[in-house]
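# Let me see the structure of the following:
(one chain, ligands or ions: 1)
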Amino acid sequence: MRTELLTILRETDGYVSGQALCEKFGVSRTAVWKGIRQLRESGYVIEAVQNKGYRLISSPDILSENELMSIRKTEWAGQEIRCFPVVDSTNTKAQQLAEDGYPDGTLVVAEQQDAGKGRRGRSWESPRGSGIFMTLLLKPQLSPNNASMLTLVAALATASAVTEQTGRPAGIKWPNDIVMNGKKICGILTEMSAQTDYINHVVIGIGINVHNDSFPDEISCMATSLFLETGKHFNRAALIEAVLERFEHYYAVFRKTEDLSALVHEYDACLVNAHQKVRVLDPKEPFEGKAMGITPRGELIVDTWESRRLVSAGEVSVRGVYGYV
Ligand code: BTN
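Purely as a prediction, here's the structure:
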């Protein structure tokens, strides 16, 4: 009942009478009062006025299934939501849930990760309450060869959601780091379990630095948070919902052609490397050139002085010649 109670309080402009809630849920006034009390204990500020009813004044910045479900507007993303105070990694948890039969669109969220995973075997700092640690489980009927493009779809969705929620432009450092003012605010790790021609599942893990007020010295030159960049604390549940909404939209576009052809233009508009000199850290042969945008398959187009080269994500990493971007 708490999810529905929250949804009604949120959707009502003004007070909802206790009687209306009793009728809606078919329960006693005491049961409604108990629901209100539990929400208050979780940090919701709910005003109760005699002869008028209840009114939601403010919501806490908590990541609970009730909170996320009560604001959910998506069709399939987040149709099942599992929230945890602590996990090793939301990606690992989502993979376990996939094997336990959880459906396409399941969302896993944690307040803290003890073994958060980054790309290339690195770890992802995930202190309690500092940010968003979320993983979306997909069970797509796609060729495994096309799955790597999903990470760029997620990057586009996240950059667009962050821009919309914060009012500050968030860009993409190819292929899938989200940056604000030249520093990284979000990383995305996509992992897949597949047969030769069949995907069992894909998990898309998104880590957004939201409230952090500092970073360890080793990464402070390239990492930042929404708080450090804007001086504001953003509601994490609203941000997660925005990412899911944007992801549903871009994923539907991607599914039509199973590539990024209809998204290249929008992706390139977010690309902070566009028309910048980049160094491609290819272990066989590093090279420099000018990044021009992406191909419909998500490769980075790099013009060197002698030729045009296409760089595939996963094989190499790309750095700005003058710094991280
Ligand atoms: C990167 O190295 O840039 C990718 C970082 C991805 C971090 C997120 S946090 C949620 C999800 N769970 C993980 O263990 N990693 C991803």
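# the helices in the stretch 51-200 of the chain, which residues?
For the stretch 51-200 of the chain, applying DSSP state H, counting those that start in this stretch gives helices covering 65-71, 90-99, 150-166.
# Just after the helix with the most length in the chain, pick out the following helix or strand.
Identified as the longest helix of the chain according to DSSP state H is helix 236-257. Downstream of helix 236-257, the next assigned helix or strand under DSSP states H and E is helix 264-270.
# So what's the gap between that following helix and the chain middle?
Relative to its chain's centre, helix 264-270 lies at 18 Å (Cα atoms, centre = their mean, to the nearest Å).
# The residue of the chain found nearest the ligand: what's it in contact with?
Taking Cβ to the nearest ligand atom, the ligand has its nearest neighbour within the chain at residue 187, 2.2 Å off. Every C-beta, even on glycine, is put in place using the N, C-alpha and C of the backbone. By Cβ atoms under 8 Å, 6 or more residues apart in numbering, the residues touching residue 187 are 118-119, 124, 176-178, 206-207.
# Could you do residue 42 as well?
Residues near residue 42 by Cβ under 8 Å, 6+ apart: 60, 62, 64, 66.
# Likewise for residue 4?
Per Cβ under 8 Å, 6+ apart, neighbours of residue 4: 24-25, 70.
# Using CSV, write out every CA atom in the helix or strand it falls within.
Assigned by DSSP H and E, residue 4 falls within helix 2-11. Below are the C-alpha coordinates for helix 2-11, written out as CSV (Å, rounded to 0.1, in the frame of the first residue of the first chain):
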residue,chain,number,x,y,z
ARG,A,2,2.9,2.4,0.7
THR,A,3,3.8,2.8,-3.0
GLU,A,4,0.2,3.6,-3.9
LEU,A,5,-0.1,5.9,-0.9
LEU,A,6,2.9,7.8,-2.0
THR,A,7,1.7,7.9,-5.6
ILE,A,8,-1.6,9.4,-4.6
LEU,A,9,-0.1,11.9,-2.2
ARG,A,10,2.3,13.0,-5.0
GLU,A,11,-0.3,13.2,-7.7
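# Mean confidence (pLDDT) on that helix, please.
Per-residue pLDDT values over helix 2-11 give a mean of 90.
# Point out where the stretch 201-325 of the chain drops to low pLDDT.
Along the stretch 201-325 of the chain, the parts satisfying pLDDT under 70 run over 315, 321-323, 325.
# Strands along that one, start to end?
Secondary structure of the stretch 201-325 of the chain by DSSP state E, counting those that start in this stretch: the strands cover 277-281, 287-294, 300-303, 308-311, 317-320.
# Quick one: residues contacting residue 197.
Residue 197 makes contact with 143-144 under the criterion Cβ under 8 Å, 6+ apart.
# Tell me, what's the model's pLDDT at the residue of the chain most remote from its centre?
Largest separation from the mean C-alpha position in the chain: residue 51, at 41.9 Å (Cα atoms, centre = their mean). pLDDT for residue 51: 89.
# Let the chain start at 13 from now.
Renumbered: residue one is now 13, and that last one reads residue 63.
# State the number of residues packed around residue 261.
Residues lying near residue 261 (other Cβ atoms under 10 Å) number 15.
# among the strands of the stretch 213-337 of the chain, which is nearest residue 243?
Nearest to residue 243, of all these, is strand 329-332, at 25.8 Å by Cβ to Cβ.
# Sweet, I'm off.
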